[in-house]
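Trainee: pasting a predicted model and its sequence here:
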Amino acid sequence: VHDANGKVPRDLTPADFVLIEDGKPQPIIGVADSRARPGAESPANANSIETKQEPERPAQIVIYLQQSLSTTEGLRLAIKSLEPQAGRFVALGAVEVVTDDPTHTLFGPTRDAIALRSFLDRLGNDAEGQEELIRVRRAFTTGDQNTTGPDRLTRRSLARTAARQEQTVLRARQDAMLFWLSRYPHDATGHSMRLLVFITAGFDLAPAAYYRVDANDLRADLRDDLRLMNASAHQDEIAHTLAAEGWTILSLVTGPLVSHVTQFDAATHHPLEIGEFENVLHSSHQTLISKAPLDPLKRLADATGGSVLTDLSLIDSRLDDLDQRVVITYQVARPSDDKLRRVEIRAVRAGLTINSQKWVGGVSTEAMADATAAVLATAMASGSGGESGRLPVTCSIQLGSSAKGVRTSEIEVRIDTAPIGNDIASADAGTLRFTLAVVNPNEPPFTSTNRLEHLDFSSRQGWSTSIRVQHRDGATMAVIAEESSTGAWGSCVVAPEIR
């Protein structure tokens, strides 16, 4: 929040804002400066915000390197741009550097500016981008160009294979990031800032934008298949979930894929107006192979109140914006649940500009459970194992008959809530959520969710349910069973051997 002079007014009160959740106005009960610290003098107006000098609660800061999809050039440029900001980052809170290749911590958490600067300096010289999606498109382009004449079958096969590879790679990377971020402890008050600095080359969400499907193309009959592979809906789900988890996302995008693209700020641009960017596939840039690499990042920025930078010299000003963060607290009469809800904050006071998160949620959302199940099933399918969670969960499967390579089977899931018995002992209308992920060979995971609701946890601790599932031979299936009020979960994996 800032006024016409770019500053946070010291006398903000709940009366200066209107908050709407899922279309319904909600009472605002508090407005606080996120920089508030104990011991500083408060303004004269008891209802106004407290403007103080040091953060009372250190921020959670994650620098997330999407090495898997990035170019080496862009990755190193972005990392080097962060090195001069090391002192500012650690002043806000502990900084952790994470990579997705595979997802693990490279450095930190730390509040040592010298150590962070030194690490970023080394990483900026050594980091390697894997260009997973770029390599898929290059291989397709080479194969397509080598196909002479109206060879319809070969071109259809090349396009379908490449697009499905893209879909599988992208879904795995999306879920890996969401699953990793779900591991961070959440400040229940919502007053502690969570900043995700996302370094990436960007990526396309719609395969049809690259694998041409216009009327004159020999692959035009692939149009429907390619549209089904569009990852926009899942990217929106991720953006909404991260906003509800309290993350503000600052994406840094550099390199040849975005060298002709303007910067995006959620406060001033609509997230879906792709036309505001130059088409990087213009006739003078035919060697570039991403059509709308900033689209997924714009969606993250719009949902979380963040921004996308292609001009790395503006990082300093974006960190200044974080000093203008205000926490607005509101109260609802409904019970807590796991649903995502859209929130809009409007200014009543003239001259105020607001850039805020647009989604809130409960302890754990369906998207988090989907990502956890998908990552676990994928890990088990590759033989790398995975986390099992806190609650004991077991699975058994009754294989069904096969028709055209697809089986319809039944999974029996049992969960024991004894480890959280004290936390839910008084609940007589609780909810258990069961998320199933199916990973068929050479395909992205499919997820579905079932619920057992209005459960009397005070009377028993063991529960079971049956899930019908369609799968191919060789599939790996994972189930995440979760108690909704505490977020406690457990998992089981099924990889049936077909004889």
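Mentor: Ah, there it is. Numbers count the residues shown, from 1 in each chain.
Trainee: which one is the residue sitting nearest the centre point of the chain nearest to, not counting chain neighbours?
Mentor: Most central in the chain under CA atoms, centre = their mean is I238, positioned 3.9 Å from the mean C-alpha point. Spatially, and ignoring its direct neighbours in sequence, I238 is nearest to L178 (5.4 Å; CB to CB, 6 or more residues apart in numbering). The C-beta positions use only the backbone N, C-alpha and C, and glycine is treated the same way.
Trainee: give me the pLDDT for the one you found.
Mentor: Listed pLDDT for L178 reads 86.
Trainee: now do the one 4 residues further on
Mentor: The pLDDT attached to S182 in the predicted structure is 78.
Trainee: same check on E497?
Mentor: pLDDT, E497: 73.
Trainee: kindly report the same for I354.
Mentor: At I354, pLDDT is 91.
Trainee: show me the contacts for it.
Mentor: 1, 17, 267, 345-347 (CB atoms under 8 Å, 6 or more residues apart in numbering).
Trainee: so which of the residues you listed is surrounded by the most neighbours?
Mentor: V1 (23 neighbours; other CB atoms under 10 Å).
Trainee: would you mind identifying the next helix or strand past the helix or strand harbouring the residue nearest to the centre of the chain?
Mentor: With secondary structure defined by DSSP states H and E, I238 is part of helix 232-244. Note on helix 232-244: by DSSP H and E, the next helix or strand toward the C-terminus is strand 247-253.
Trainee: where along the protein do the helices fall?
Mentor: 72-82, 86-92, 113-126, 132-145, 152-181, 223-228, 232-244, 295-304, 315-322, 366-381, 421-424 (DSSP state H).
Trainee: was I right about S307 contacting D320?
Mentor: No. S307 is beyond contact range of D320, at 12.0 Å (criterion: CB atoms under 8 Å).
Trainee: which of these two has more neighbours?
Mentor: S307 (27 against 11).
Trainee: what pLDDT does the more buried one get?
Mentor: For S307, the model assigns a pLDDT of 92.
Trainee: could you do R37 as well?
Mentor: 39.
Trainee: also N422?
Mentor: Taking N422 on its own, its pLDDT is 86.
Trainee: farthest-apart pair in the contacts of I354, please.
Mentor: By the measure CB to CB, F17 and A267 form the most distant pair in the contacts of I354, at 15.7 Å.
Trainee: sorry, back to before: packing partners of the helix holding I238?
Mentor: If you count contacts as 3 or more CB pairs under 8 Å, 6 or more residues apart in numbering; DSSP states H and E, helix 232-244 packs onto helix 152-181, helix 295-304, strand 359-360, helix 366-381.
Trainee: can you list the ones you listed in JSON lines and add distance to S464?
Mentor: JSON lines is the format used below for those (distance: least, CB to CB, whole Å):
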{"stretch": "helix 152-181", "distance to S464": "26"}
{"stretch": "helix 295-304", "distance to S464": "36"}
{"stretch": "strand 359-360", "distance to S464": "32"}
{"stretch": "helix 366-381", "distance to S464": "18"}
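Trainee: circling back: compare the helices of the chain and say which comes out lowest on pLDDT.
Mentor: helix 366-381 - the lowest mean pLDDT of the helices of the chain, at a mean of 75.
Trainee: and that one with helix 152-181, angle?
Mentor: Put simply, helix 366-381 runs at 110 degrees to helix 152-181, going by axes from the mean of the first three to the mean of the last three CA atoms, to 10 degrees.
Trainee: thinking again about what came up before, closest to R468 among the contacts of I354?
Mentor: When the contacts of I354 are compared against R468 (criterion: CB to CB), the nearest one is I345, at 42.5 Å.
Trainee: the closest one bridge partners, please.
Mentor: L19 (DSSP bridges).
Trainee: ok, residues contacting stretch 99-109?
Mentor: Contacts for stretch 99-109 (CB under 8 Å, 6+ apart): 64-68, 94-98, 116, 119, 123, 130, 173, 176-177, 179-180.
Trainee: run the last query once more with 7 Å
Mentor: 65-68, 94-98, 119, 130, 173, 176-177, 180 (CB atoms under 7 Å, 6 or more residues apart in numbering).
Trainee: determine which two of these are furthest apart.
Mentor: A94 and Q130, at 27.5 Å, using CB to CB across those.
Trainee: low-confidence stretches in the stretch 351-499 of the chain?
Mentor: Scanning the stretch 351-499 of the chain for pLDDT under 70 picks out the ranges 362-365, 380-387, 427-428, 498-499.
Trainee: what are the boundaries of the strands in it?
Mentor: 359-360, 393-398, 402-403, 406-416, 430-439, 446-455, 462-472, 476-483, 489-494 (DSSP state E, counting those that start in this stretch).
Trainee: possible to save these as a markdown table with distance to D33 and mean neighbour count?
Mentor: Converted to a markdown table, the strands of the stretch 351-499 of the chain look like this (distance: least, CB to CB, whole Å; neighbours: other CB atoms under 10 Å):
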| stretch | distance to D33 | mean neighbour count |
| --- | --- | --- |
| strand 359-360 | 20 | 20 |
| strand 393-398 | 43 | 15 |
| strand 402-403 | 62 | 12 |
| strand 406-416 | 43 | 17 |
| strand 430-439 | 36 | 23 |
| strand 446-455 | 39 | 16 |
| strand 462-472 | 45 | 16 |
| strand 476-483 | 35 | 28 |
| strand 489-494 | 35 | 22 |
